[in-house]
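*Asks:* Predicted structure and sequence below. I'll ask about it afterward.
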Amino acid sequence: MEKIYLDHSATTPLDPQVLKKMQPYLTDIFGNASSLHSFGQEAIKGVDWAREQLANLFGCKFKEVIFTSGATESNNLVLRGLLMAFRNAKKESSSAKAPEDKKFHIITSKIEHPAILEVCQELVKEGLAEVTFVNVDSNGVVKINEIKEAIKDNTILVSIMYVNNEIGTIQPIRKIGEIVEKANLKRRPKSEVRSPKDLYDKIYFHTDAVQAVNYCPMKADYLKTDFITISGHKIYGPKGIGALYIKEGTPIKSIIFGGHQEYNIRPGTYNVAGIVGLGVAIELVNKEQTEINDKIGKLRDKLIAGLTKKIPDTQINGNLEKRVPGNANISFLGAEGESMLLMLDLEGIAVSTGSACASGSLEPSHVLRAMDIPAEDCHASLRFTLGKGTTAKEIDRVIEVLPAIVKRLREMSPLKRKN
Ligand SMILES: *Cc1c(COP(=O)(O)O)cnc(C)c1O
């Protein structure tokens, strides 16, 4: 049976070109990239080359790119590292705005990845920060007015994801950047930073762009961001490697300690092969993006058209226009998501669901719930995420197989529908 993979938001296969360029760094070029001898120099050449590719992607300086172990670490570094820098500054001088008894304030959204949400919850639990989680509309787009209204004197960070991993909606990052910019101008009418103290009289803006890299503009200036998180394995690169764009002059403290790599911000021996792999993945994105956007979008539309035509009582979750081309999130009302997933898996088709019965919790997806989709319809949802290797034949097969599965489950369902 030929297997069909439609779960590219979870992870992507390694592009053979990435593997090819990584291979020597797993064998011959094994030096520690911090060593001064020729073994080290060979290795650091690979790291530098990769950093160049990322600087191209973000349109930034070489030294504004930090390599990490992945997006989870990048997100942790932004949230905790910025907060710690502010707390230290507060201790050392009176510049940072939070009064002694008041915590610094972070604004994020209800639909973020757990690598943001859970860090925020942890910072609250530790008594280090207060966090506002803004709402999204029924299309899954962040309500930017709520961001504007949430900004306070002690706000230090706005963190909003670029593209949601479950419903694929694209958030208005540049517009949010403009809101942050305006708020900063209000705080300090002469916008440029004049003294180190000014660094702590400012709101910073972060976006988790993991799911956007394949499809969206990524220049930091255009997006008006101070931090951008990306991950290797969501863009046909290796797992366990990610990066963080940090705008020059942005305060940040390391959250782990040891060596002096990455300007002391992220110590630890370089994962040279991983870094090179991420570099190739980015190089390929720069080359292939337009063409892939086009191809995947057509296949996604074909999938939606085929399924909604053959299966009654479906509901597309999230806005179709403001969404990346690779994502379709559909509820098949009255059919249980996890059962559909498992039955598709028996047919060799891999998708994911907004229902999480297997994990023991009956909690439906926090993203779909934030869009006010009733819990039972969240449990009936499937997420199809296409990739650059997806073919029309594969889409045809899903359209052929799924209707019978949905029909069978609906007949078995205790919540049997009228028709
Ligand atoms: C996958 C993902 C992450 C986590 O990335 P890792 O590199 O696996 O740590 C974070 N944010 C989003 C939006 C993701 O899709």
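*Replies:* Happy to help now that I have it. Numbering: from 1, shown residues only.
*Asks:* and the stretch 151-300 of the chain, which residues reach the ligand?
*Replies:* 161, 165, 208, 210, 211, 231, 234, 242 (Cβ under 6 Å from any ligand atom). For every residue, glycine as well, the C-beta is placed using N, CA and C.
*Asks:* does the third one have beta-bridge partners, and which?
*Replies:* Translated: residue 208. residue 229 (DSSP bridges).
*Asks:* looking at this, residue 140 is in a strand?
*Replies:* No: assigned with DSSP: H, G, I helix; E, B strand; the rest coil, residue 140 falls outside any strand and is coil.
*Asks:* Count the residues that sit near it.
*Replies:* 25 (other Cβ atoms under 10 Å).
*Asks:* could you say what helices and strands the lowest-mean-pLDDT helix or strand in the chain packs with?
*Replies:* Sorted by mean pLDDT, DSSP states H and E, the helices and strands of the chain end with helix 375-378, the least confident at a mean of 91. Under the contact criterion of 3 or more Cβ pairs under 8 Å, 6 or more residues apart in numbering; DSSP states H and E, helix 375-378 touches helix 366-370.
*Asks:* Could I get the full set of helices for the chain?
*Replies:* 16-26, 38-58, 71-92, 114-125, 144-150, 173-187, 220-223, 272-310, 337-346, 366-370, 375-378, 392-412 (DSSP state H).
*Asks:* Rebuild the ones you listed as CSV, extending it with mean neighbour count.
*Replies:* Formatted as CSV, the helices of the chain follow (neighbours: other Cβ atoms under 10 Å):
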stretch, mean neighbour count
helix 16-26, 17
helix 38-58, 18
helix 71-92, 21
helix 114-125, 17
helix 144-150, 15
helix 173-187, 17
helix 220-223, 18
helix 272-310, 19
helix 337-346, 18
helix 366-370, 21
helix 375-378, 18
helix 392-412, 17
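*Asks:* tell me the pLDDT at residue 208?
*Replies:* Per-residue confidence (pLDDT) for residue 208: 98.
*Asks:* Could you point out which of the residues of the stretch 151-300 of the chain next to the ligand is nearest to residue 60?
*Replies:* Residue 60 lies nearest to residue 242 out of those, by Cβ to Cβ, at 16.0 Å.
*Asks:* Kindly state the pLDDT recorded for residue 1?
*Replies:* 82.
*Asks:* show me what contacts it?
*Replies:* Residues in contact with residue 1 (Cβ atoms under 8 Å, 6 or more residues apart in numbering) are 347, 348.
*Asks:* go with 6 Å
*Replies:* Applying Cβ atoms under 6 Å, 6 or more residues apart in numbering, we find residue 1 in contact with residue 348.
*Asks:* what's the answer for residue 152, then?
*Replies:* Counting by Cβ under 6 Å, 6+ apart, residue 152 has contacts residue 105.
*Asks:* quick one: it from residue 242, how far?
*Replies:* Distance from residue 152 to residue 242, counting by Cβ to Cβ, to the nearest Å: 31 Å.
*Asks:* Could you count how many residues lie near residue 224?
*Replies:* So residue 224, with other Cβ under 10 Å, has 18 neighbours.
*Asks:* I'd guessed it sits against residue 177; true?
*Replies:* Yes: between residue 224 and residue 177 there is a contact under Cβ atoms under 6 Å: 2.5 Å.
*Asks:* For the stretch 101-250 of the chain, give me the ranges with low pLDDT.
*Replies:* Low-confidence segments of the stretch 101-250 of the chain, defined by pLDDT under 70, span residues 101, 189-196.
*Asks:* please redo it, this time with the cut-off set to 90
*Replies:* 101-102, 187-199, 201 (pLDDT under 90).
*Asks:* what about the residue most central in space within the chain, distance to residue 15?
*Replies:* For the chain, the residue lying nearest the average C-alpha position, counting by Cα atoms, centre = their mean, turns out to be residue 210 (3.3 Å). Relative to residue 15, residue 210 is positioned 17 Å away (criterion: Cβ to Cβ).
*Asks:* How is this protein divided into domains?
*Replies:* 4-11+289-412, 16-283 (automatic domain parsing).
*Asks:* Wait, residue 254 touches residue 263, no?
*Replies:* No: when contacts are counted by Cβ under 6 Å, residue 254 is not listed as touching residue 263 (9.5 Å).
*Asks:* and those two? which has more neighbours close in?
*Replies:* Taking other Cβ under 10 Å, residue 254 and residue 263 do not tie; residue 254 has more neighbours (17 against 13).
*Asks:* Read off the pLDDT value for the nearest residue to that one once chain neighbours are set aside.
*Replies:* Nearest non-adjacent residue to residue 254, counting by Cβ to Cβ, 6 or more residues apart in numbering: residue 265, 5.5 Å away. Note on residue 265: pLDDT of 94.
*Asks:* Check the one 4 residues further on too.
*Replies:* The per-residue pLDDT reported for residue 269 equals 96.
*Asks:* Stretch 143-159: end-to-end distance?
*Replies:* End-to-end distance for stretch 143-159, by Cα to Cα, to the nearest Å: 13 Å.
*Asks:* do stretch 120-129 as well
*Replies:* For stretch 120-129, the end-to-end distance is 8 Å (Cα to Cα).
*Asks:* Touching it from outside, list them.
*Replies:* So stretch 120-129 is contacted by 83, 103, 104, 106, 108, 131 (Cβ under 6 Å, 6+ apart).
*Asks:* Considering those, which is situated nearest to the ligand?
*Replies:* residue 108 (12.3 Å; Cβ to the nearest ligand atom).
*Asks:* Pull the contacting residues for the closest one.
*Replies:* Here residue 108 is in contact with 116, 120, 133, 159 (Cβ under 6 Å, 6+ apart).
*Asks:* Run through the bridge partners of residue 244.
*Replies:* residue 66, residue 229.
*Asks:* Near residue 128, how many other residues are there?
*Replies:* 17.
*Asks:* who's whichever residue of the stretch 301-419 of the chain sits closest to the ligand bridged to?
*Replies:* Nearest residue of the stretch 301-419 of the chain to the ligand, counting by Cβ to the nearest ligand atom: residue 385, 10.1 Å away. Judged by DSSP bridges, the bridge partners of residue 385 are residue 7, residue 327.
*Asks:* Do I have it right that it meets residue 326?
*Replies:* Yes: applying Cβ under 6 Å, one finds residue 385 in contact with residue 326, separated by 5.4 Å.
*Asks:* wait, residue 250 sits on residue 228?
*Replies:* No: between residue 250 and residue 228 there is no contact under Cβ under 6 Å: 11.5 Å.
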